[in-house]
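Chemist: no FASTA, just this:
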Ligand code: PRT
Ligand code: MG
């Protein structure tokens with residue numbers, strides 16, 4: 001097993017957008033994680049297999065070396081921390097932004113100006129805490145695991161911190177984006193020990209990914 005590389009991916013947009021990068025390295029994935037129930041997928045390269053895990057679990061598998069490398073959103077990495085992880089490439093996939101949103105009609109600017117204490121619901125408590133602390137805004141953070149958009153609609157929170165791409169989800173729920181915190185994309189992360197011990201196998205793949213990203 002020592003000469004086999006293991007790549008951790010989440011299904012959905014990260015899987016879909018990583019396929020072209022693998023293809024650039026001549027690697028095809030024959031099974032579809034959406035229909036297959038397998039959590040370990042082979043590839044056309046006998047020396048590379050895929051682990052299908054939850055997006056927020058990718059850094060954990062890579063950090064502990066259960067996967068040699070993986071693909072994770074900057075949002076996930078900021079919450080997880082980067083201990084034991086080397087981040088050589090911004091793959092520029094699964095792009096979106098992290099933003100503050102409120103119910104239409106809620107005067108966020110005014111609430112901030114008045115120094116009001118805001119209730120903010122989010123999955124991204126670490127990033128949200130840093131953002132509001134840097135602005136000097138007092139917040140009570142409420143941790144949620146999904147469907148943040150609901151919180152302001154039912155009085156759980158004044159605002160949410162969530163990812164936005166088309167803006168369709170916010171619009172559908174009568175919410176407005178009032179502040180963009182940062183741009184988000186997915187990064188390749190590599191286990192630091194694997195980078196040393198499996199450099200010969202890893203480096204050619206990293207080079208192909210880098211070139212594919214540069215080409216756009
Ligand atoms: O869904 P699950 O709970 O399993 O995990 P996950 O949501 O972490 O995984 P997944 O596959 O949905 O997202 C993986 C990564 O994709 C995230 O960590 C981000 O880095 C990135 N990404 C890019 C996004 C989006 N775009 C995105 N739009 N992740 C989530 N969204 C959600 C957002 O949270 C909101 O609910 O889509 C909705 C907004 O989309 P629009 O287009 O309506 O604005
Ligand atoms: Mg999701």
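Modeler: Yep, that arrived. Computed from a predicted structure; not experimentally measured. Ligands and ions are numbered 1, 2, ... in the order given.

Chemist: okay, strands next: where are they in the chain?
Modeler: Ranges of strands within the chain are 5-9, 40-42, 48-52, 69-73, 85-90, 96-103, 118-122, 139-143, 159-164, 175-184, 186-191, based on DSSP state E.

Chemist: out of those, flag the one nearest ligand 1.
Modeler: strand 69-73 (2.1 Å; C-beta to the nearest ligand atom). Every residue, glycine included, has its C-beta placed from N, CA and C.

Chemist: which residues touch the closest one?
Modeler: 5-10, 14, 18, 51, 55, 58-59, 61-62, 80, 91, 93-94, 184-191, 194, 202 (C-beta atoms under 8 Å, 6 or more residues apart in numbering).

Chemist: and ligand 1, which of those reach it?
Modeler: 10, 14, 55, 94, 184, 186 (C-beta under 6 Å from any ligand atom).

Chemist: mean pLDDT for the strands of the chain - can I get that in TSV?
Modeler: Putting those into TSV (pLDDT from 0 to 100) gives the following:
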stretch	mean pLDDT
strand 5-9	98
strand 40-42	97
strand 48-52	98
strand 69-73	98
strand 85-90	96
strand 96-103	98
strand 118-122	98
strand 139-143	98
strand 159-164	98
strand 175-184	98
strand 186-191	98
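
Chemist: apart from its neighbours in sequence, what residue is nearest residue 170?
Modeler: Closest residue to residue 170 apart from its sequence neighbours, by C-beta to C-beta, 6 or more residues apart in numbering: residue 101 at 5.4 Å.

Chemist: tally of neighbours for the one you found?
Modeler: Counted with other C-beta atoms under 10 Å, the neighbours of residue 101 add up to 24.

Chemist: got it, and residue 123?
Modeler: Neighbour count of residue 123, defined by other C-beta under 10 Å: 20.

Chemist: grab the nearest non-local neighbour of the most centrally placed residue in the chain.
Modeler: By C-alpha atoms, centre = their mean, the mean C-alpha position of the chain lies nearest to residue 73, the distance being 2.1 Å. With sequence-adjacent residues excluded and distances taken as C-beta to C-beta, 6+ apart, residue 73 is closest to residue 186, at 5.1 Å.
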